[in-house]
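A.B. asks: Just to be clear, the model below is a prediction. Sequence and coordinates:
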Amino acid sequence: TKTLVTPAIVADRLTDLPNERGFLQAVQERNAAGYFLLCDLDKFKAVNDEHGHPEGDEVLKNFAQFLRRNTRHDLFGKRSYDIVAGRLHGDEFAVWIDGKSGYLGASGLAARVRHWRSLRYPQVSASVGIGSTIDLADTAMYEEKYARRALELLTPKTGDMQIPNGLRNPDTVPWDYRKS
């Protein structure tokens, strides 16, 4: 006999996606191999801190809408495999794609997630990890998140770079940067 769970217990009220419990239950009911995508919103905390929680809620709803839109159909406008998306907690979301889609299907969705930007706050983006288990996807997501942060630190932004006076002339650079 199947136990019926009330929708309020398994649905996230803000995003209308399954919450962590509902997501895990839906994946377990499918009883099939697949891939997990874990998504975490980058620079989301700054929106909450600087603009307030109602604005942060709008970002979360926007991302949930993006997930619903992008898990409804594949790239060709049809869906030949099963997908479940949910909000785990805070700004962390998960997607499960059945194994019929293959790693290619999972990585295609991950690429779309990486290109997502918040409508109101384009500095907010998403890091995503793929794995055959939630733990592996979580590890991959945090590796991507840290790699993105490192890249941001190493990439000079126009107008932000402070060049010491002695190095303003390229002839005075103490190393040949073209050979590094």
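C.D. replies: Looks like it arrived, so ask away.
A.B. asks: partners of the longest strand seen in the chain, with directions?
C.D. replies: Using DSSP state E, we find that the single longest strand of the chain is strand 34-42. Sheet pairing of strand 34-42 (DSSP bridges) gives strand 92-98 (antiparallel), strand 125-131 (antiparallel).
A.B. asks: Report the next helix or strand after it in sequence order.
C.D. replies: Where DSSP states H and E defines the elements, the next helix or strand beyond strand 34-42 is helix 44-51.
A.B. asks: among the helices and strands of the chain, which one scores worst on average pLDDT?
C.D. replies: Ranked by mean pLDDT, DSSP states H and E, the weakest helix or strand in the chain is helix 7-10, scoring a mean of 66.
A.B. asks: The protein: helices as residue ranges?
C.D. replies: 7-10, 20-30, 44-51, 53-72, 102-115, 134-154 (DSSP state H).
A.B. asks: export those helices to JSON lines and tack on mean neighbour count?
C.D. replies: To be clear about C-beta, it is placed using only N, CA and C from the backbone, and glycine gets the same treatment. Below are those laid out as JSON lines (neighbours: other Cβ atoms under 10 Å):
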{"stretch": "helix 7-10", "mean neighbour count": "11"}
{"stretch": "helix 20-30", "mean neighbour count": "16"}
{"stretch": "helix 44-51", "mean neighbour count": "15"}
{"stretch": "helix 53-72", "mean neighbour count": "17"}
{"stretch": "helix 102-115", "mean neighbour count": "16"}
{"stretch": "helix 134-154", "mean neighbour count": "14"}
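A.B. asks: could these be laid out in CSV, adding distance to residue 96?
C.D. replies: Putting the helices of the chain into CSV (distance: least, Cβ to Cβ, whole Å) gives the following:
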stretch, distance to residue 96
helix 7-10, 15
helix 20-30, 5
helix 44-51, 22
helix 53-72, 10
helix 102-115, 9
helix 134-154, 9
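A.B. asks: can I assume residue 27 is in contact with residue 84?
C.D. replies: Yes: assessed by Cβ atoms under 8 Å, residue 27 is found in contact with residue 84 at 5.7 Å.
A.B. asks: Need the overlap of contacts for those two.
C.D. replies: residue 96 (Cβ atoms under 8 Å, 6 or more residues apart in numbering).
A.B. asks: Residues in a beta bridge with the residue positioned nearest the centre of the chain, which ones?
C.D. replies: Geometric centre of the chain, nearest residue: residue 39, 3.0 Å, by Cα atoms, centre = their mean. With DSSP bridges as the criterion, residue 39 is bridged to residue 93, residue 128.
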